[in-house]
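# got a predicted structure here, sequence first:
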Amino acid sequence: MTWDETDSAASDRLVAALADGEDRAVEAALRPKDLAEFVGQERVREQLDLVLKAARQRGGTADHVLLSGAPGLGKTTLSMIIAAEMGAPIRITSGPAIQHAGDLAAILSSLAEGEVLFLDEIHRMSRPAEEMLYMAMEDFRVDVVVGKGPGATAIPLELPPFTLVGATTRAGLLPPPLRDRFGFTGHMEFYAPAELERVLHRSARLLDVPLDAEGAAEIAGRSRGTPRIANRLLRRVRDFAQVKADGVVTREVAAAALDVYEVDGRGLDRLDRAVLDALLRLFGGGPVGLSTLAVAVGEERETVEEVAEPFLVREGLLARTPRGRIATPAAWAHLGLAPPQGTGAPGQQGLFGP
Ligand SMILES: Nc1ncnc2c1ncn2[C@@H]1O[C@H](COP(=O)(O)OP(=O)(O)OP(=O)(O)O)[C@@H](O)[C@H]1O
């Protein structure tokens, strides 16, 4: 199972980074429409701004752009902004939707001049389609094979110049020949709390939710560095504010609402805390093997490894070592527990200082 698939399997979680049906319905309304409105990602924004301005000045089509980064950080939004800034239409598709080279040929041959083709999850495209894409990106040409067997012939087809925007959660999975054909690669980082607060204030204005500064800070701190999660938490907090309070989202209202939904002050949900809790209380902070830990929390091994652990590792609460999983001092502090005396357990040496 890949990270994407397990995250999708667990997408009923409020803190899952992949979009669910409700997200898709409101996201269109919340997407920033131009680079100036797009919060954060300063470096990518500045570099992209140059690429697009230069292309506009030349009166040409922008170079192909590769965007990499975790789900929910704004890759789709940025691709739409690229099209808007270039005054071009956009076509949206994804790697898994293109299983045959013919699928890709059909899309490419119907593009208008200057059109932006957004290819989400580009690392999941089939091999033959990928090879067709090489030629299309470089020479704006594809060979369409007509017929089968010895009588098959390749008919070259000229394409109008277009801009491919590829998105991937893992740039490292792309074969180098594909990666090298992008003129610009932007890596999207997780957002700082102050940036998420700006995202939240903007969304609150659009959704007509009264949100004060402390309320925004409270939600931002629980959003795992991800605008999609911030926007989702805002909607749940809005429900709570409307039903249980006077509609205004303050720090108290946000905290009470997210406690109800079991998203804690650092953005951990029930599953994340169950893993930490077992690691600390049952195994004294580890090291413990992944399978044992999974049995202790009543989950599949893959769920623990690919759904809960990445965020716990990112937050510096859990470490993966060759001897097993271990808790860091921050994990004990987060659950309000005291680490065992003389924590010199093998595998934990060095973590607790001399
Ligand atoms: N920089 C940003 N400023 C404001 N809102 C943002 C920003 N980035 C993302 N968002 C909001 O977060 C939501 C998710 O963004 P988007 O769909 O672009 O993410 P993504 O990286 O393409 O995710 P996925 O790869 O899962 O499709 C959208 O509602 C979008 O408006």
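Received the coordinates, thanks.
# what mean pLDDT would you report for stretch 102-117?
Stretch 102-117 shows a mean pLDDT of 94.
# residue of the chain nearest the ligand, please.
G74 (2.6 Å; Cβ to the nearest ligand atom). (Each C-beta comes from the backbone N, C-alpha and C, glycine too.)
# so that residue touches L35, yeah?
No. In this structure, G74 is not within contact of L35 by Cβ atoms under 8 Å, at 11.4 Å.
# compare those two (neighbour count), which wins?
Between G74 and L35, counted using other Cβ atoms under 10 Å, G74 has the larger neighbour count: 25 against 18.
# give me the pLDDT for that one.
95.
# which residues touch it?
Going by Cβ atoms under 8 Å, 6 or more residues apart in numbering, G74 touches 38, 41, 188, 227.
# which of these tops the neighbour count?
Going by other Cβ under 10 Å, P227 tops those with 29 neighbours.
# circling back to that earlier point, out of the contacts of G74, which are inside helices?
Among these, DSSP state H puts P227 in helices.
# same list (the contacts of G74) but as JSON lines, adding distance to the ligand and pLDDT.
Shown next, in JSON lines, are those (distance: Cβ to the nearest ligand atom, whole Å; pLDDT from 0 to 100):
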{"residue": "F38", "distance to the ligand": "5", "pLDDT": "95"}
{"residue": "Q41", "distance to the ligand": "6", "pLDDT": "95"}
{"residue": "M188", "distance to the ligand": "7", "pLDDT": "94"}
{"residue": "P227", "distance to the ligand": "4", "pLDDT": "96"}
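# what's the local residue count around the residue nearest to M188 when sequence neighbours are not counted?
Of all residues not flanking M188 in the chain, G69 sits nearest, at 3.0 Å (Cβ to Cβ, 6 or more residues apart in numbering). By other Cβ under 10 Å, 22 other residues sit near G69.
# ditto for M125
M125 - counted by other Cβ under 10 Å - has 26 other residues nearby.
# next, it: phi, psi?
Main-chain dihedrals, M125, degrees, to the nearest 10: phi -80, psi 160.
# got the contact list for it?
95-96, 98, 104, 119, 133.
# could you do Q99 as well?
Per Cβ under 8 Å, 6+ apart, neighbours of Q99: 126, 129.
# now do the buried residues in stretch 53-67.
55, 61-67 (16 or more other Cβ atoms under 10 Å).
# what do you get for stretch 304-317?
Neighbour-count burial for stretch 304-317 [16+ other Cβ under 10 Å]: 304-312, 315, 317.
# and the chain, what are its domains?
41-187, 193-260, 270-334 (automatic domain parsing).
# G21: which of the ones you listed is closest?
G21 sits nearest to domain 193-260 of all these, at 11.7 Å, using Cβ to Cβ.
# hang on, the earlier thing: so which of the contacts of M125 wins on neighbours?
The member of those that has the most neighbours, counting by other Cβ under 10 Å, is L119 with 27 neighbours.
# touching, that one and A167? I think so.
Yes. Using Cβ under 8 Å, L119 makes contact with A167 at a distance of 7.0 Å.
# is the residue most central in space within the chain part of a helix or strand, or is it coil?
Taking Cα atoms, centre = their mean, the centroid of the chain lies closest to P71, which sits 1.4 Å from it. With DSSP: H, G, I helix; E, B strand; the rest coil as the basis, P71 sits in coil.
# quick check: it vs R141, distance?
33 Å (Cβ to Cβ, to the nearest Å).
# with P160 instead?
Distance from P160 to R141, by Cβ to Cβ: 11 Å.
# so what's the residue nearest to M188 up against?
So G69 contacts 75, 169, 187-189 (Cβ under 8 Å, 6+ apart).
# can we see that at 7 Å?
Going by Cβ atoms under 7 Å, 6 or more residues apart in numbering, G69 touches 75, 187-188.
# per-residue confidence at it?
92.
# what's whichever helix or strand A256 is part of packed up against?
In this assignment (DSSP states H and E), A256 forms part of helix 251-260. Counting contacts by 3 or more Cβ pairs under 7 Å, 6 or more residues apart in numbering; DSSP states H and E, helix 251-260 packs against helix 213-221, helix 227-244.
# got a markdown table for the contacts of G74, with distance to A216 too?
Compiled in a markdown table, the contacts of G74 are given as follows (distance: Cβ to Cβ, whole Å):
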| residue | distance to A216 |
| --- | --- |
| F38 | 18 |
| Q41 | 19 |
| M188 | 21 |
| P227 | 13 |
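# closest one of the contacts of G74 to V15?
P227 (13.1 Å).
# I'd guessed the closest one sits against G72; true?
Yes. Under the criterion of Cβ atoms under 7 Å, P227 makes contact with G72 at 6.4 Å.
# what are the contacting residues of stretch 85-98?
Residues contacting stretch 85-98 (Cβ under 7 Å, 6+ apart): 34-35, 52, 55-56, 62, 79-80, 83, 104, 107, 111-112, 114-126, 129.
# what about those, which are in strands?
Mapping those onto strands (DSSP state E) picks out 116-120.
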